[in-house]
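Asker: next one to model:
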Amino acid sequence: MNLKIRKLKARDIFKFSKILKKLNDKNSLQNIIKTANEKNLEEKDRVELYGTEIVCLLIENLDEVEEDIYEFLADLVGMTPEAFSNLDLSDLIEIIRKIAQENNLSAFFAAVSKLTDSK
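Answerer: Coordinates of the predicted model:
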């Protein structure tokens, strides 16, 4: 599949934050942030930990945010959420891989974590 994937933009940070807030699991989000902050990690490693833990949280709660995830990812590739939801698994993996390669996910997850952190 040869899709053009757009770069992540400021609006995507807010969309992704809204998805996380839909989980209504502030304790999990706060624990992710707290745990990452308590570890004596460099900023890049801490943000990578945020990202990994946030992705795991989304997977665990996919039934609550599935349509939102389709909408978010479909927007990045210029598809409808319905078309995106019907992609072959190999195409989905390729799209996610390209998103990760072509964007500064550390900066993205750092911004998302700041918006979801309710200190």
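Asker: any chance you could map the helices in this structure?
Answerer: 10-22, 26-38, 43-60, 62-77, 81-85, 89-102, 105-116 (DSSP state H).
Asker: what's the closest of those helices to Lys4?
Answerer: helix 62-77 (7.3 Å; Cβ to Cβ). C-beta here means a position set from N, CA and C on the backbone, and glycine is covered the same way.
Asker: which parts of that closest one are buried?
Answerer: Residues of helix 62-77 classed as buried: Val65, Asp68, Ile69, Tyr70, Glu71, Phe72, Leu73, Ala74, Asp75, Leu76, Val77 (neighbour count, 16 or more other Cβ atoms under 10 Å).
Asker: then stretch 6-19?
Answerer: For stretch 6-19, the neighbour count (16+ other Cβ under 10 Å) marks Leu8, Asp12, Ile13, Phe16, Ser17, Ile19 as buried.
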